[in-house]
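Engineer: need a structure here:
(2 chains)
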Protein chains: 2
Amino acid sequence: MTHNKEGVHGGNVDWFARKYGFDPREVLDFSSNINPLPLPEKLKNELTDNFGIFGRYPDREYYDLRKALSEYTGCSPDRIMVGNGATELLYLAVKALRPGKTLIPAPSFGDYERAFYGTGLQMDFYRIKEELDFRLDMESFLRELSAGYNMTILCNPNNPTGYLIPKEELVRILDEARKLNIVVLLDETFIEFAPDPDAASVIEEIYAYDNVILLRALTKFFGVPGLRLGYCLGHPALLDKMLSFKEPWTVNAAANILGPLLLRDKNYIENSRKWIMEERRHMYSRLNRIDGLKVYESYSSFFLVKLLKEGWNVDLLQKILAADYIMIRDASSFNYLNKRFFRLAVKDRVSNEKVLECLEYYI
Amino acid sequence: MTHNKEGVHGGNVDWFARKYGFDPREVLDFSSNINPLPLPEKLKNELTDNFGIFGRYPDREYYDLRKALSEYTGCSPDRIMVGNGATELLYLAVKALRPGKTLIPAPSFGDYERAFYGTGLQMDFYRIKEELDFRLDMESFLRELSAGYNMTILCNPNNPTGYLIPKEELVRILDEARKLNIVVLLDETFIEFAPDPDAASVIEEIYAYDNVILLRALTKFFGVPGLRLGYCLGHPALLDKMLSFKEPWTVNAAANILGPLLLRDKNYIENSRKWIMEERRHMYSRLNRIDGLKVYESYSSFFLVKLLKEGWNVDLLQKILAADYIMIRDASSFNYLNKRFFRLAVKDRVSNEKVLECLEYYI
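Structural biologist: I've put the predicted structure just below:
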């Protein structure tokens, strides 16, 4: 048995470090798309002061955590379910709702496909066109979706392309889906990185839909992939179905008490927004000036980049950058992408300069 | 939607505290079967010194953690898989192995049944007889198992009865199962509480079987239900099947670094063994002297108890004990048990005295 499934996700720093004989702390990880700001110091104190929580089962209802999520999202707690990252809730939704036929735009997050593995359910891809710079062509997508599908999974902003579906188009998709009894799993795990998250998210519209589940997580925007904390929002009838299949205590005690602190930390949220706006703009303009690259406009915490330079591919680039301890994401594992594509996270300015200088030098 | 599924598991202290208006820290929780010794202080320091781990994805291969489990169990790392408690691995095994027909002795842990929910797989119960004081009658069990079943799930020592299958009987079950191509999920999450765990466990025999998966966890014996850390041991071919369905990063970063510290803490392990041997003996003899109760012999960290007293049931007892902040486990949710039965954890001496005095007084 090998536990090594590198390449399917970013963020496998330990595997990368073992491969090249590095200390994991030396690695500059541009493969995963996590807020690089240091975690608020008070989190550490909170956990130290309450270390005994590991000796008790977490509250099975996650009452306080859901209350904090309710304040953060504006949704009532009975429309909120927590999970071990958004991943658990994705797999759970597929398992519990058992849609007859599902249509998924691609390239997109690989675990959507994986959630169907072994379920016996039909799952098809809708190809997002490179010719349109990976923007979703709503008209053709809706046409295909209405041809007998029962579910769709949309990632907004999309991973790995960074594309954000305009709000009015998104609402039209939800409306059409509601008319046709199609469940929409809308993955908003990167939504807080959008230039105007409140305008980009459909969180305020969610009460009008009994066919929509919003997937969210603290992982990316709050920079806590090690904490394992996701949530979803949706109509109580949909969540009830999921609950009957849900494994108990999937959210650990640390996530349960640190989650509310993060969600209420207005400073951290504001600094994170400032960071992403500045660094994304800076990185885009620098990448855009490199002739051998094509960078796609992004509303998220990463860029999809295409290698235009003759004879180059991502394997070569990975090897070259590894000499500088830099780890990037081979994007060829995404459907319809190939070895020309890689994904690059937006990090802190010092790290960004390092990868930008390398790319400017080598490409 | 209600998240409240109290009664199905023990340990729902927060629900109990909300119900009675208590502070959760005041509750004496005899409903969950967790080692009550305080966690080693060095765990706290380790987490404080490495707080940045929450900002990174855990190692997807959990290399160091599996290495520590390998030292602890004597099995090689390629036969070890980690999970979010043993629960994740139980559900995962059912999902990945998809046995045609499964036979489960009962009363036993309720999540075995729940793991089959919605899978479309057939699952039957083998009734463990009260007349035999809930000992497993191996001959009749084997006879039934060999009538076309593909999987069985055994809990050893069994929850909620505390019964330990003698090693020679257990080995005979595994041998018969191997001959008949029956997968045995053997839940050893309470095995370290047995009087001689090395003799009780089949961990040393596991290499001889390609049809056995041992479920284990740090939850109970190491007293860390909030950490969410389980593991399983088995033939690489079985684990490979499970791996292809496994969700990524289900073990959080804290569990990943604290697990090895616990597993290597010989003092904590020795103190825990001393505690369980003393307190279990003490509690058994006291409970045994109460006329209105029948207590079953236990090799685990809890007792199954039957109310013999005329007109009494567990609802009444729960109400009476709640006045003293004591929470016990209604065992009527277990198959073939009724409102006469409750489960009582073994805790520290001071707490044990309190519940024993209450029972002696009221019953």
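Engineer: now do the SS call for residue A:126.
Structural biologist: strand (DSSP: H, G, I helix; E, B strand; the rest coil).
Engineer: for chain A, just list every one of the strands.
Structural biologist: A:28-29, A:80-83, A:101-106, A:122-127, A:151-155, A:183-187, A:212-217, A:230-234, A:293-295, A:302-307, A:326-327, A:329-330, A:341-345 (DSSP state E).
Engineer: pick out the shakiest of these, pLDDT-wise.
Structural biologist: For those, mean pLDDT drops lowest on strand A:28-29, to a mean of 93.
Engineer: what's it in contact with?
Structural biologist: A:10-11, A:13, A:16, A:324-327, A:345, A:347, A:351, A:354-355, B:56 (Cβ atoms under 8 Å, 6 or more residues apart in numbering or on different chains). To be clear about C-beta, it is placed using only N, CA and C from the backbone, and glycine gets the same treatment.
Engineer: would you mind checking those residues for buried ones?
Structural biologist: A:10-11, A:13, A:16, A:325-327, A:345, A:347, A:351, A:354-355, B:56 (16 or more other Cβ atoms under 10 Å in any protein chain shown).
Engineer: out of the residues you listed, which is nearest to residue A:291?
Structural biologist: Nearest to residue A:291, judged by Cβ to Cβ, of these is residue A:355 at 17.2 Å.
Engineer: just the pLDDT at the closest one, thanks.
Structural biologist: pLDDT at residue A:355 comes out at 97.
Engineer: so it sits against residue A:317, correct?
Structural biologist: No: counting by Cβ atoms under 8 Å, residue A:355 stays clear of residue A:317, with 10.8 Å between them.
Engineer: got TSV for the contacts of strand A:28-29, with distance to residue A:140 too?
Structural biologist: TSV is the format used below for the contacts of strand A:28-29 (distance: Cβ to Cβ, whole Å):
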residue	distance to residue A:140
A:10	30
A:11	33
A:13	39
A:16	39
A:324	42
A:325	43
A:326	38
A:327	36
A:345	31
A:347	36
A:351	39
A:354	41
A:355	36
B:56	40
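Engineer: in helices, which of these fall?
Structural biologist: Here DSSP state H is the test, and those give A:13, A:16, A:351, A:354-355 as lying in helices.
Engineer: hmm, back to that, now do the shared contacts for residue A:355 and residue A:317.
Structural biologist: residue A:328.
Engineer: contact residues of the stretch 251-363 of chain A facing chain B?
Structural biologist: A:252-256, A:258 (Cβ under 8 Å from any Cβ of the partner chain).
Engineer: just the residues you listed now: which is nearest chain B?
Structural biologist: residue A:253 (2.9 Å; Cβ to the nearest Cβ).
Engineer: sorry, back to before: ok, of the ones in helices among the contacts of strand A:28-29, which one's closest to chain B?
Structural biologist: Checking the ones in helices among the contacts of strand A:28-29 one by one against chain B (Cβ to the nearest Cβ), the nearest turns out to be residue A:13, at 6.3 Å.
Engineer: so where's chain A shaky on pLDDT?
Structural biologist: A:1-8 (pLDDT under 70).
Engineer: which helix runs longest in it?
Structural biologist: Chain A, longest helix under DSSP H: helix A:266-288.
Engineer: check which residues of it are buried.
Structural biologist: A:268-269, A:272-273, A:275-276, A:279-280, A:283-284, A:286-287.
Engineer: next one: stretch A:288-305
Structural biologist: Buried, per 16+ other Cβ under 10 Å, within stretch A:288-305: A:290, A:293-305.
Engineer: stretch A:308-325 too?
Structural biologist: Applying 16+ other Cβ under 10 Å to stretch A:308-325 flags A:309, A:312-314, A:317-318, A:320-322, A:325 as buried.
Engineer: distance to residue B:88 added to the buried residues of helix A:266-288, as CSV?
Structural biologist: Listed next are the buried residues of helix A:266-288 as CSV, based on distance: Cβ to Cβ, whole Å:
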residue, distance to residue B:88
A:268, 30
A:269, 31
A:272, 31
A:273, 35
A:275, 34
A:276, 33
A:279, 36
A:280, 36
A:283, 38
A:284, 40
A:286, 43
A:287, 40
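Engineer: tell me the spacing between residue A:358 and residue A:30.
Structural biologist: Distance of residue A:358 to residue A:30, given as Cβ to Cβ, to the nearest Å: 10 Å.
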